[in-house]
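K.L.:
got a predicted model here, sequence first, then my questions.
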Amino acid sequence: MNRLAEPWGNRIDRTRSVRFTFEGRNFEGFAGDSIASALAASGQWVLSRSFKYHRPRGILSMTGADANTLVQLPFEPNVAADRTPISEGLSVSAQNVNGTLERDRDAIMDRLGRFLPVGFYYRTFMGPRRDSWLKFWEPMIRRKAGLGVVDTTAPRRHFDKTHLHCDILVVGAGPAGLNAAIAAAEAGADVVLCDENPEIGGSLTYGRHDPALLADLSSKLEALPNLRLLTGTVCNGWYEDNWLPLIQGNRLFRTRARAVILATGSIEQPAIFRNNDLPGIMLGGAAQRLIRHYAVRPGQMAVVLATGDEGYGVALDLVEAGVSVALVADPRSGGEPGLFEAELHGKGVAIRKAATIEAAEGTAGNRHLARVRVGGRWIACDLLAVSAGEVPAWQLPCQAGAKVGYDAAVGTMTLSLPPSPVHLAGSVAADGHLQDAMADGRRAAAAALSRLGHAVAEDRILPRPAVAGPIHVLPIVPHQKGRDFVDFDEDLQVKDLQNAVKEGYREIELVKRFTTVGMGPSQGRHSALATSRIVAEATNRTVAEVGVTTARPPVGPETLGVLAGHHEPLERRTALHARHLALNAMMKPVGAWWRPYFYGDAGAAEKMIRDEITTVRQGVGLLDVSTLGKLELRGPDAGEFLDRLYTMAHANQPVGRVRYCLMLNEMGSVVDDGVAYRMADDRFYVTATTGAVARVYADMLFWNAQWRLRVDVLNLSGAFSGLNVTGPKARAVLEALDSDIDFGREAFPYLSGREGVAAGVPVRVMRIGFTGELSYELHCPSSLAPALWDAVTIAGEPHGLKPYGLEASRILRLEKGHILIGQDTDAITTPDELGFGWAVSKKKPFFVGKRSIEMRARLGQSRQLVGLRFPADARDLPGESCLVLRGNHPVGQVTSIGFSPTLGCTIGLAYVHKDDAVEGRLVTVKCRNGNLVEVPVVGHAFFDPANARQEM
Amino acid sequence: MPLRLLKYGLSRDYPVSGDIPATPDLKPSYDVVIVGGGGHGLACAHHLSKYHGISSVAVIEKGYLAGGNTARNTTTIRSNYITPEGIAFYKEAVELFEGLSQELDFNVMFSQRGQLTLAHTEATLRSFHSRAEMGKHLGTRTEVVDQKMVEELVPSLNMDYGGALEILGGLWHEDGGTARHDAVAWGYAAQASRRGVEIHQRTEVEGFEVVGDRVQSVKTSRGRIACGQVLIATGGMNYDVALMAGVELPIRCYPLQAMVTQPLKPWLHTLVSSVSLHTYLVQSSRGEIVIGGGSDPYQLYSTRSTLDMKEHLAEGAVHLFPFLQGVRLLRQWAGITDMTPDYSPIMGASPLQNLWLDCGWGTWGFKATPVAGKRMAETIAKGRVPDLLKPFALERFETFRLLNEMGATAASH
Amino acid sequence: MKILTCPMNGPRNIDEFQSFGPVRAEPDPDRTADADWSRHLFRAENRKGIVVEWWRHVPSNYFFLAERDLVTNEVLRTFDASERWAHP
């Protein structure tokens, strides 16, 4: 067991044991342990196999930021074992393993490496046949690629989203962030402080710091009611106008902050030498986190690579945790003795200057570190703590507009951010020491407060003092035989990057794309600086010239679940929905709406629909048309407005009359139709098609924002419902209603409208005829629609009134040759192509689309919508969208087709070549089965072309 | 193991192929100047040099090679368009992709795994029938499939929404697939440069010297070059570049965003897209799930990403495949699309005699790379637009001969 | 989420708004040649730089104008359409 005694282990609760399994073996840890720490405590160091070479990998950073520790949970792949807590009974397994984690058959890849150079897959796997890639090579590569496994049967989990608003959001609760948040809150600002760790403190919780410091900050923080702390919460991106996603477990806080302080700290970098990826080689911060957070001894015999005071601190920590430290290797030569040097000497730890790790070797199968070479001498050890420098956590700052630079003198990346509501604080901005970071946090708070208009003393917001950071030139020691990894996620070595440059991929983005460096789960956190340096050297440029690749969101991996949240598709029901259900309607979704498709026996759809059609043609039917768009236009210019918007004349439309209205866009294409009922001089009630009304309404307002006519437009589509009573007996039904409207033939002629009360319900009624029968459309406030429906149903009972559904309605209109916008028209249909010359005013000086249809008429028309009537005994019948051919060339398509029970044959509408739009002309239609049929062209109105029935 | 790899394993030093030569000095003049070092420009350079004997060609690229939309698209290749003109054009593209690895001796990983587009409404299903009928007639593999067949093609799909987003059927396009986008550009670049084409990276075009109806020379950040013919193939920058020559294109720019998850073992074989959800998914050969959708809702020349689009795409993905809730997203990005009023490209002549256009690619440019390159090279070499490209002429916007592709590409790209 | 400041409703998330594109010239249809008319229909302002464009605040159905930089996405100002279109 590698578990240290108390007081080590500030995250674990030793009173609570937790059992879990890894690779089918039982393990036990303490509450608060991460998967990786609990396994390490039990001596299990290997956590995964690498992407390409299947090399054993273990703990690297303990920050949840690298691919080494990705493991599989039952319903979740690619889970960071060093960040995810254990829970009772959790079943954890290793990923990307062929066989077992210990004995991975694909480990042979490590020996074949020289045959698989960078980009090898571009050079081969192309033959022997054209489809060999698809049939043979790709399936093989796909099986090898990928890390975790998705369980397609995983149960749905609950995720939610909420909103958060604050004056100042501080990201990172380390020394700088804590100071910034406290200073901002003390000044009265509304502050949110978030940190991805389960506790505040950042490096104060695992580094060599006076515990009193954190205790003091903690008590200050607790005393501030206007400071909201969110631990276990990652800020995963910065978006325009300070819009930031904070993710806490299964919850997404969509956060708007007036100012943001990024105190995201820095990222320790691995050193590069042969076999630098062996389990047992970890970052200094990882060793410290294991010790202080989890009371796990990271090894027995250690070597420490140190390029600054932090590394010496790590060595001291190791000594205090009972680890023997064989050597501290420091690549720097000479200079002043560092902070802990004397103390280490006192404890008998050897320190070697101007020395670095040249190579490492592993135990059998490279399962753990066995020894490292320093100055040509091999030193046995099972732990190498690498404290060789860091880079600022550049992702969030760069998303907020920061530019990355490189300070060659001290060997670190730098960030510069132009003045904005985003401020940097602490080591993300400058590689300073603890006291600097704390002061810098307070300085950033002052700057943010000042920007928000708080009075802040001038001296508090001075620019950041230049802090001479320690020299941290990251050791890169390439090895002739490779395995000197730059990117652990993608198994990329120094020579891979150098070879990419030799192939001509000299720009950093091309290097990334050719080698995939930085494209793995850690997104370049541990490889960006080294890559830039290697490419700079290979191309004779400076690191600043080479740069780093763009830091795109998210900062760290985030689940699709948390992004998607809890989502129900929108659906709309009419006020009569319950009536339809009670009548045993077969409901279907049409766009967002649920509509009755037909009523009655679902197993006998065809018969039910035919009966409904017959009812309308011979008796009377009732249709719910509530989904129609309904607009009311009010104002002295309402008529003029409609004149400009629609193709027919409305300004001169008498009160009480209803007119068809056809809308074009500026290009002259048909976009909508409906009817306009003039209720008063200054009032029109206009219908629009269900799918188009939102757009029509917006367009009306848009046009009037420019025309500035005195008219108001109201969208009553939801507020009003509509019932269509249609059939030869419709008048008789309505006359049986208790109403002040005279439904008589003379009093209420075709294409007129009346307002009144029917069955106690205020209604506006229009005589229009989509079905071609005598029809009244009754519109009323939606809350009263069920009452009206019931009254009509009762009044209709003696006349055999029956409700009918959408499908019958479609056939009825097809029999009458009425078009459906969007089905019988497309984006370039003109009124002429529909034969709608009658609906286009020749007298009006202007309407939208007028200029364009005139021009298009001059340029010539190529197609025409016509009726097609198929013989009753036709063997092959086309379906919707079947092609109309001329020669073998498609000239149009069937837009609507169906069997007409009234006519006893199949009828349809189709676009044909203009020259074929002659009654009786045979056109060729290609059926879905490929057979060609010849069918005669007829007029649109298949049924009652003289309109006798609808006008009776 | 393929024999080719032995070369690497058995050589003492890494055997360099030298795909992309370093940027040379600019010459005073070239027969053809191609503005834009993306897939289209490089493909055209390849065809000019290999099939038309024109190797005095300079490809001028503002940034790094193929770093614009070639690098940012989601690699879908398909020919299930609406119009006969569109289908015929993209059909040739698919055919060229089928032999592209051999043509370039560079594995572009064309993976013809088929594309399934889902219909959640009857209107969508109707448009699928339209595309299928036209596609079949023109010899592509496109058919409407019912719910049962959808389940067979993608068994992990969530069919059981109930409500308004039930899957009613799909458009199954067996010719559809993906290719490795970068490799397409690099393969063309390697071939073209081997035949003498010069590729000038980090060289920005700053203007054109137009005399009468000809471009006399191209002004670049590295000096002026005289030109015989000029091709504009700059993706999201087409409007801007053409304007420098005084040509105003009917183009508006919108960002198009996409995102990718961590790599997973293969579970999704086909490309899946949904018209109603404005979402499509494909699993790359690396194992990542690439997720994309429609363009941003307002004009912008920016490749910034938004959280809203990411949430929207995640919603769509989780709707189709609820088990993806636990899968982690790794990266999101954007490109700039150059949209035309009829959702179709503009290829061929410009008002200037020697300036040629390969523009208006909107969200469907990558899939056209080989055919646009081949046919634009033919156009430039012969000074005559081939029949296949004629419908895509700029003048169609003056004669109202628009291509009726509107509304088709919402989420299919 | 970007913020757009509606002249009537103040600063709101941009998902409450709908873009209606750059303001276009209003040629007299009767005095415009075919070529200029088609140009009017199909060419939209797309220059890199600042455009004046229409936006609709959807919940309130209010149309207004914004000056926005097409490259940086910065909104310089938003204002009521009456600044450009007086009531007749």
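P.N.:
Cool, the structure landed.
K.L.:
use CA for all of it now, contacts and neighbours both
P.N.:
Fine.
K.L.:
near chain B, which residues of the stretch 751-900 of chain A? Just list them.
P.N.:
With C-alpha under 8 Å from any C-alpha of the partner chain as the criterion, the stretch 751-900 of chain A meets chain B at residues A:823, A:827-828, A:856, A:859, A:880-883, A:890, A:893.
K.L.:
what's the most distant pair in those residues?
P.N.:
A:L859 and A:E880 (29.3 Å; C-alpha to C-alpha).
K.L.:
looking at these two, which has the bigger crowd around it?
P.N.:
Of the pair A:L859 and A:E880, A:E880 is the one with more neighbours under other C-alpha atoms under 10 Å in any protein chain shown, namely 23 against 13.
K.L.:
I figured the more buried one hits A:G892, correct?
P.N.:
No: using C-alpha atoms under 8 Å, A:E880 makes no contact with A:G892, being 11.7 Å away.
K.L.:
alpha carbons only: can I get the helix or strand bottoming out on mean pLDDT in chain C in PDB?
P.N.:
Ranked by mean pLDDT, DSSP states H and E, the helix or strand of chain C with the weakest confidence is helix C:34-42, at a mean of 93. Taking C-alpha atoms only, helix C:34-42 is exported to PDB below (Å, rounded to 0.1, in the frame of the first residue of the first chain):
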ATOM      1  CA  ASP C  34     -33.400  45.000 -66.200                       C
ATOM      2  CA  ALA C  35     -29.800  44.600 -65.500                       C
ATOM      3  CA  ASP C  36     -29.900  47.100 -62.600                       C
ATOM      4  CA  TRP C  37     -33.100  45.500 -61.300                       C
ATOM      5  CA  SER C  38     -31.500  42.000 -61.200                       C
ATOM      6  CA  ARG C  39     -28.500  43.500 -59.500                       C
ATOM      7  CA  HIS C  40     -30.800  45.100 -56.900                       C
ATOM      8  CA  LEU C  41     -32.400  41.700 -56.300                       C
ATOM      9  CA  PHE C  42     -29.400  39.500 -56.000                       C
END
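K.L.:
any part of that helix near chain B?
P.N.:
Yes: on the criterion C-alpha under 8 Å from any C-alpha, helix C:34-42 is in touch with chain B at C:34-35, C:38-39, C:42.
K.L.:
where in the chain is pLDDT low?
P.N.:
You didn't pick a chain, so chain A it is. Chain A contains residues with pLDDT under 70 at A:431-432, A:458-472.
K.L.:
other chain: chain C
P.N.:
Applying pLDDT under 70 to chain C flags the ranges C:86-88.
K.L.:
can you give the domain ranges for the chain?
P.N.:
All of this is about chain A. Structural domains annotated on chain A: A:13-121, A:160-267+A:392-461, A:270-388, A:485-561, A:577-618, A:628-717, A:813-845+A:857-938, as defined by automatic domain parsing.
K.L.:
can you look at chain B instead?
P.N.:
Listed by automatic domain parsing, the domain ranges of chain B are B:27-76+B:181-250+B:342-399, B:109-177+B:253-339.
K.L.:
which of the residues of the stretch 751-900 of chain A next to chain B fall in strands?
P.N.:
A:883, A:890, A:893 (DSSP state E).
K.L.:
by neighbours, which of these wins?
P.N.:
A:L883 (29 neighbours).
K.L.:
please name the residues that touch the nearest residue to that one once chain neighbours are set aside.
P.N.:
Distance criterion C-alpha to C-alpha, 6 or more residues apart in numbering or on different chains; nearest residue to A:L883, sequence neighbours excluded, is A:Q893 at 4.4 Å. Counting by C-alpha atoms under 8 Å, 6 or more residues apart in numbering or on different chains, A:Q893 touches A:880-884, A:910-912, B:130.
K.L.:
show me the contacts for residue 13.
P.N.:
No chain was given, so I picked chain A. Going by C-alpha under 8 Å, 6+ apart, A:D13 touches A:30-32.
K.L.:
that answer is for a different chain, and I need it for chain C
P.N.:
Per C-alpha under 8 Å, 6+ apart, neighbours of C:N13: C:1-4.
K.L.:
show me what counts as buried in the least confident helix or strand of chain C.
P.N.:
For helix C:34-42, burial by neighbour count (16 or more other C-alpha atoms under 10 Å in any protein chain shown) applies to C:34, C:37-42.
K.L.:
just stretch B:82-95 next, same as before
P.N.:
B:82-94.
K.L.:
out of these, which comes closest to B:E311?
P.N.:
For the buried residues of stretch B:82-95, the nearest to B:E311 is B:I82 (30.0 Å; C-alpha to C-alpha).
K.L.:
endpoints of stretch A:594-610, how far apart?
P.N.:
21 Å (C-alpha to C-alpha, to the nearest Å).
K.L.:
for A:R254, list each beta-bridge partner.
P.N.:
Following DSSP bridges, A:R254 is listed with bridge partners A:H163, A:P245.
K.L.:
relative to A:Y206, how far out is it?
P.N.:
Taking C-alpha to C-alpha, one finds A:R254 at 30 Å from A:Y206.
K.L.:
of the two, who's got more company?
P.N.:
A:Y206 (22 against 18).
K.L.:
close enough to count as contact, the more buried one and A:G284?
P.N.:
No: applying C-alpha under 8 Å as the test, A:Y206 and A:G284 come out as separate, 10.6 Å apart.
K.L.:
dump the buried residues of stretch B:82-95 to CSV, plus secondary structure.
P.N.:
As requested, the buried residues of stretch B:82-95 are exported to CSV (DSSP: H, G, I helix; E, B strand; the rest coil):
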residue, secondary structure
B:I82, coil
B:T83, coil
B:P84, helix
B:E85, helix
B:G86, helix
B:I87, helix
B:A88, helix
B:F89, helix
B:Y90, helix
B:K91, helix
B:E92, helix
B:A93, helix
B:V94, helix
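K.L.:
distance to chain A and pLDDT for these - can I get that in CSV?
P.N.:
Below are the buried residues of stretch B:82-95 laid out as CSV (distance: C-alpha to the nearest C-alpha, whole Å; pLDDT from 0 to 100):
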residue, distance to chain A, pLDDT
B:I82, 11, 92
B:T83, 9, 93
B:P84, 8, 94
B:E85, 11, 95
B:G86, 13, 95
B:I87, 12, 96
B:A88, 12, 97
B:F89, 16, 97
B:Y90, 17, 97
B:K91, 17, 97
B:E92, 16, 98
B:A93, 16, 98
B:V94, 13, 97
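K.L.:
need those in TSV with distance to chain C, can you?
P.N.:
Converted to TSV, the buried residues of stretch B:82-95 look like this (distance: C-alpha to the nearest C-alpha, whole Å):
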residue	distance to chain C
B:I82	21
B:T83	20
B:P84	23
B:E85	21
B:G86	20
B:I87	24
B:A88	25
B:F89	23
B:Y90	24
B:K91	28
B:E92	28
B:A93	28
B:V94	30
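K.L.:
with respect to B:S49, which of those residues is nearest?
P.N.:
So of the buried residues of stretch B:82-95, ranked by how close each gets to B:S49 (C-alpha to C-alpha), first place is B:A93, at 19.5 Å.
K.L.:
chain A contacts on chain C?
P.N.:
Counting by C-alpha under 8 Å from any C-alpha, chain C sits next to chain A at C:1-3, C:29-30, C:34, C:41, C:61-64, C:81, C:85-88.
K.L.:
and which of those residues is nearest to chain B?
P.N.:
Using C-alpha to the nearest C-alpha, C:M1 comes nearest to chain B of those, at 6.7 Å.
K.L.:
state the distance from that closest one to A:I508.
P.N.:
Taking C-alpha to C-alpha, one finds C:M1 at 30 Å from A:I508.
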